[in-house]
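Undergrad: got a sequence here, can you build the structure:
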Amino acid sequence: MARQTMQVIRVYQYGDPEQLRCEQILRPEPQAGEVLIRVHAAGVLPADWKMRRGFFRKFYPQSFPYIPGSAIAGVIEAVGPGVTRFCKGQAVFGRSTHGAYTEYTTTPVEPPALTPKTYSLLALKPDSLTFAEAATISGGATTAWSALFGDGELCAGQRILIHGAAGGVGLFAVQLARWKGAQVIGTTSTANVDFVRSLGAETVIDYTITPFEEVVSEVDLVLDTIGGETLQRSMTVVKRGGTLVSLLEKPPAQLAKVLGIRAMKNAVTPTSQDLEMIARLIDEGQVKAVVGQTFPLQQARQAHKLSQTGHGRGRIVLVIS
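TA: Down below sits the predicted model:
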């Protein structure tokens with residue numbers, strides 16, 4: 001029987017959003033230890049357009065052409081030899097190692113496909129979540145979880161400053177930190193002040209009006225989702241012995257030493273167990289997923305252009321079916 005084709009977005013060289021090409025290619029077959037997923041929704045992460053622009057080429061050079069994206073939600077279409085964790089027909093969400101902007105993708109879930117260099121991040125989708133909502137979690141909630149509780153070692157009663165609190169990572173960080181019992185301070189733009197407060201932030205700073213360092217000091221932890229000048233200014237509001245975790249760049253070690261703080265780029269890798277815990281919290285109503293704008297697969301270019309503005313509420317999602 002002839003293999004079926006699928007619609008997919010591929011990139012052939014680094015560059016602007018015009019490099020995102022919509023094509024028809026052969027549908028992949030799951031190899032040993034892999035599952036084949038019919039993708040219903042794919043999250044559009046800032047890392048996706050940064051990869052396309054070539055920002056990571058020194059550390060993660062791409063083999064062209066490649067399928068962008070990693071955050072997915074869909075239904076298992078087939079399982080490869082040796083797979084016992086999942087079966088055909090199950091609704092799942094998480095991370096694909098073979099791209100997300102596609103109608104079908106494969107990803108490793110068990111050996112031999114799962115090796116020390118690859119990690120599985122796939123879990124059963126709760127019925128309470130739509131596919132679009134589920135696609136916001138990998139790279140959003142999972143990044144927030146590992147940065148807060150792995151790198152940042154956040155504890156109940158601590159004070160935390162979260163930058164970009166309305167964004168795809170920030171909105172989950174606010175909710176998870178509040179769930180943990182921390183006192184949450186969030187920065188955002190004017191349009192999202194009430195939204196961030198509704199997520200559980202006790203203090204919300206409109207960065208277009210008030211420099212955060214004028215009203216914040218002596219926090220236990222800063223989660224930096226902005227980088228650059230914001231990261232540098234953030235280091236001065238951390239109390240001695242406190243921590244700053246940046247999602248974007250390695251903070252200056254000398255300044256951290258002078259200030260007596262721990263400052264790092266996030267490094268802890270999320271696990272499928274983290275994904276399952278987050279799903280449980282969402283199912284219980286303690287954390288909510290927020291979908292921003294949605295686009296069909298064919299409008300991936302428009303989705304990337306919007307993501308590049310760095311503004312907005314929630315995660316941009318490609319709704320594929």
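
Undergrad: show me where the stretch 151-300 of the chain has strands.
TA: Per DSSP state E, counting those that start in this stretch, the stretch 151-300 of the chain carries strands over the ranges 159-162, 183-188, 203-206, 219-224, 238-246, 262-265, 291-296.

Undergrad: can you put these in a markdown table and add distance to Leu171 and mean neighbour count?
TA: C-beta here means a position set from N, CA and C on the backbone, and glycine is covered the same way. Shown next, in a markdown table, are the strands of the stretch 151-300 of the chain (distance: least, Cβ to Cβ, whole Å; neighbours: other Cβ atoms under 10 Å):
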| stretch | distance to Leu171 | mean neighbour count |
| --- | --- | --- |
| strand 159-162 | 9 | 26 |
| strand 183-188 | 9 | 26 |
| strand 203-206 | 12 | 19 |
| strand 219-224 | 12 | 26 |
| strand 238-246 | 17 | 20 |
| strand 262-265 | 21 | 18 |
| strand 291-296 | 10 | 17 |
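
Undergrad: nearest residue to Tyr66 other than its sequence neighbours?
TA: Once flanking residues are discounted, Tyr66 sits nearest to Val11: 5.7 Å by Cβ to Cβ, 6 or more residues apart in numbering.

Undergrad: which residues sit in contact with that neighbour?
TA: Gln19, Leu20, Arg21, Arg52, Gln62, Phe64, Pro65, Tyr66, Ile67, Pro68 (Cβ atoms under 8 Å, 6 or more residues apart in numbering).

Undergrad: go through these and name the one nearest Ser189.
TA: The nearest member of these to Ser189, counting by Cβ to Cβ, is Arg52 at 25.1 Å.

Undergrad: just to revisit the earlier point, identify the bridge partners of the residue nearest to Tyr66.
TA: Leu20, Tyr66 (DSSP bridges).

Undergrad: before we move on, back to that, closest to Gln4 out of the strands of the stretch 151-300 of the chain?
TA: The closest of the strands of the stretch 151-300 of the chain to Gln4 is strand 291-296. By Cβ to Cβ, the value is 19.9 Å.

Undergrad: residues contacting the helix or strand just after the closest one, please?
TA: Remark: after strand 291-296, the chain's next helix or strand is helix 300-308, criterion DSSP states H and E. Defining contact as Cβ under 8 Å, 6+ apart, one finds that helix 300-308 is touched by 9, 17-18, 20, 22, 44-46, 48-49, 52, 68, 101, 293, 295, 312, 316, 318.

Undergrad: filter those residues down to the buried ones, ChimeraX style.
TA: Here is the ChimeraX command that selects only those of the contacts of helix 300-308 that count as buried (16 or more other Cβ atoms under 10 Å):
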select :9,17,20,44,45,46,48,49,52,68,101,295,312,316,318
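
Undergrad: just the contacts of helix 300-308: which are in helices?
TA: Pro46, Asp48, Trp49, Arg52 (DSSP state H).

Undergrad: now the residues you listed in TSV, with distance to Leu36 and pLDDT?
TA: Output for the ones in helices among the contacts of helix 300-308, formatted as TSV (distance: Cβ to Cβ, whole Å; pLDDT from 0 to 100):
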residue	distance to Leu36	pLDDT
Pro46	28	92
Asp48	22	96
Trp49	27	96
Arg52	25	97
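
Undergrad: need the strands of the stretch 151-300 of the chain in TSV with mean pLDDT, can you?
TA: Converted to TSV, these look like this (pLDDT from 0 to 100):
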stretch	mean pLDDT
strand 159-162	98
strand 183-188	98
strand 203-206	98
strand 219-224	98
strand 238-246	98
strand 262-265	98
strand 291-296	96
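
Undergrad: noted, bye for now.
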